[in-house]
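A predicted structure for the sequence below; I have some questions about it.
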Amino acid sequence: GAWEADLNERNYTLHKTIMNGNGSNVVVFDGSTNYTNNACGVSRDARVDGFIIRGGTASEGAGILFKNGASGTVANSVIMDNTATGFGGGIYI
């Protein structure tokens with residue numbers, strides 16, 4: 001793997017990081033501790049920065065789902081090609 005000593009070193013425009021849903025939510029911000037899914041589960045106040053979030057399929061929040069009081073941050077990201085049968089193909093809060 002690779003990493004930066006400082007987050008400002010990362011050039012997310014040149015070096016894209018893609019999170020692909022493969023049939024589930026892509027990113028789930030969860031205020032509780034009991035969430036299990038194929039999604040990338042992050043803490044209630046996490047920061048998702050500089051990602052391409054695509055290919056999610058879910059009833060709600062196919063790209064990004066905020067639940068159980070979560071209040072995270074999404075910045076410098078592209079949310080595309082996600083499908084929800086209910087609400088929030090891209091983001092559901």
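Yep, that arrived. A quick note: this is a predicted structure, and the numbers were derived from the prediction, not measured. Numbering: from 1, shown residues only.

CA only for contacts and neighbour counts going forward, please
Will do.

Kindly provide the distance from E9 to F66.
To F66, E9 is 28 Å away according to Cα to Cα, to the nearest Å.

Tell me which of these two has more neighbours.
Neighbours per residue, other Cα atoms under 10 Å: of E9 and F66, the larger number sits with F66, 20 against 9.

so the more buried one bridges to which residues?
When assigned by DSSP bridges, F66 has beta-bridge partners F29.

just checking, it touches Y92?
Yes: if you go by Cα atoms under 8 Å, F66 and Y92 touch, sitting 6.2 Å apart.

where does the protein have low pLDDT?
Within the chain, the stretches with pLDDT under 70 are 1-4, 7, 12, 23-24, 29-39.

Show me the residue at the heart of it, geometrically.
Central residue of the chain (Cα atoms, centre = their mean): V27, 3.1 Å from the mean position.

give the contact list for that one.
The contact partners of V27, taken as Cα atoms under 8 Å, 6 or more residues apart in numbering, are 39-42, 63-65.

give the contact list for R47.
72-75.

can you list those in a markdown table and add distance to G21 and neighbour count?
As requested, these are exported to a markdown table (distance: Cα to Cα, whole Å; neighbours: other Cα atoms under 10 Å):
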| residue | distance to G21 | neighbour count |
| --- | --- | --- |
| G72 | 19 | 17 |
| T73 | 19 | 12 |
| V74 | 17 | 15 |
| A75 | 19 | 10 |
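
Secondary structure and distance to G88 added to these, as TSV?
Below are the contacts of R47 laid out as TSV (DSSP: H, G, I helix; E, B strand; the rest coil; distance: Cα to Cα, whole Å):
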residue	secondary structure	distance to G88
G72	coil	16
T73	strand	16
V74	strand	15
A75	strand	18
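
nearest to N22, of the residues you listed?
Nearest to N22 among the contacts of R47: V74, at 20.3 Å, using Cα to Cα.

Appreciated, that's everything.
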